[in-house]
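*Asks:* have a look; sequence and predicted model below, questions after that.
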Amino acid sequence: MTEHTFTFGFRPEADPAQAGLAREELQAFTARWADILDDRSVPMPTRQHGPYGFEYARIEVPDLRATIEFLEYHVGLQLEQHTDEYAYLRSDIEHHCIELIAAPHREDGWTTAIGYSVGSEEVLEQLHKRVLDAGLEVLELQERQKGLCANGFAVADPNGLIVELFTEFHEYAEPPHIEIRPKDLVHPFLSTPKWQESLDFYQNVLGFLASDHVVGSTTFLRCEDRYHHSLAVQKNKEFFVGHLCFAMKSLDHVMRLRARALYKGAPIASDIVNHSASTSIAFYLHDTKFGPRFELCDAHRVLTPEEHETHRARHMPADPRNIDVWRPAADDWGRF
Ligand SMILES: [Fe+2]
């Protein structure tokens, strides 16, 4: 058998009418040649689309200045626009990946919102409709965020965490001129007593796809940017944003930031692990004053376009070796 494989995607700026026409022509093409094409060549049924990718977290912190210094030195972020009330930090060209809000009344940092970009106005409209159909309240974007994108809205997840969804997030022409910095903010990790409700919300309303399950404990969900997970949801006794994961450019950079933490006394909550689900190697920084843990990783899996459409989520037992494949035995639960 001779094999020719094509994957078609439409640019975010594509005219929806034209994209619809192209889709029909592709369907007509496969119908025309049905006798000689195998069944994998039939176009995928149109599935609902989720957001494109994770862009930022908004964190209220008791000490704005100290948090900025921590994120600059220990995570490699660059401070951009800031006042005494708020600060934006970025890792790459996207406008920001962390928005800090001064909250002197707090003892610990607290994440109040997560932001996801959406690939097109068409998908944003579909998300808006699904939120309304689910009987949920459509909220406005935060006032400043309205000025940093083309269009969008917000919705509270079952835990009260605000999820902001928007198109055309503003971007810089160049990344920061910092050698050791993250190239992307990959995912938040949510811990929640409303586990099933949260999974229903993120999968059925927002259109995230399940990538893998640690049975009874954690589900990893992906967006259209095809990172293995752009969100993880863990069953827990209380709700909190457990960590935010940054992808570094290399393992060397992960180890250099680990050395900074070790030698300069920043707390490492969980040291080097090799994650089974996302195939990434990571460590976690945590000082509660600055918000959630910050996971710094290398080699986070990105699915191919074909895998993205066909991937079957694994069901893995809750064994430490299914979270860190380097753990030697089933009872090695320490140091997570
Ligand atoms: Fe993670």
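*Replies:* Right, received. Where do you want to start? Residues are numbered from 1 along each chain as shown.
*Asks:* let me see the ranges of the strands in the stretch 1-150 of the chain.
*Replies:* Under the criterion DSSP state E, counting those that start in this stretch, the stretch 1-150 of the chain contains strands at 53-61, 78-82, 86-90, 98-102, 110-117.
*Asks:* between the ones you listed, which one is nearest to Trp326?
*Replies:* strand 53-61 (26.1 Å; CB to CB). The C-beta positions use only the backbone N, C-alpha and C, and glycine is treated the same way.
*Asks:* and the protein, which of its residues are near the ion?
*Replies:* For the chain, the residues in contact with the ion (CB under 5 Å from the ion) are Phe189, Cys245, Glu295.
*Asks:* nearest to the ion: which residue in the stretch 101-250 of the chain?
*Replies:* Cys245 (4.1 Å; CB to the ion).
*Asks:* residues near that residue, how many?
*Replies:* Neighbours of Cys245 under the rule other CB atoms under 10 Å: 27.
*Asks:* just to be sure, it is in a helix?
*Replies:* No - in this structure, Cys245 is strand, not part of a helix, as judged by DSSP: H, G, I helix; E, B strand; the rest coil.
*Asks:* residues in a beta bridge with the closest residue to it other than its chain neighbours, which ones?
*Replies:* Spatial nearest neighbour of Cys245, chain neighbours left out: Glu295 (4.1 Å); criterion: CB to CB, 6 or more residues apart in numbering. Glu295 has these beta-bridge partners by DSSP bridges: Cys245, Tyr284.
*Asks:* quick one: low-confidence ranges for the stretch 101-250 of the chain?
*Replies:* In the predicted model, the stretch 101-250 of the chain carries no residue with pLDDT under 70.
*Asks:* for the residue nearest to Glu55 when sequence neighbours are not counted, list each beta-bridge partner.
*Replies:* Computed as CB to CB, 6+ apart, the closest residue to Glu55 that is not its neighbour in sequence is Gly115, at 4.7 Å. Beta-bridge partners for Gly115, by DSSP bridges, are Tyr56, Glu164.
*Asks:* count the neighbours of Gly115 for me.
*Replies:* Gly115 has 29 nearby residues by other CB under 10 Å.
*Asks:* isn't it up against Thr167?
*Replies:* No - counting by CB atoms under 8 Å, Gly115 stays clear of Thr167, with 11.9 Å between them.
*Asks:* what's the closest of the strands of the stretch 1-150 of the chain to Arg226?
*Replies:* strand 53-61 (8.9 Å).
*Asks:* what angle separates the closest one from strand 86-90?
*Replies:* 140 degrees (axes from the mean of the first three to the mean of the last three CA atoms, to 10 degrees).
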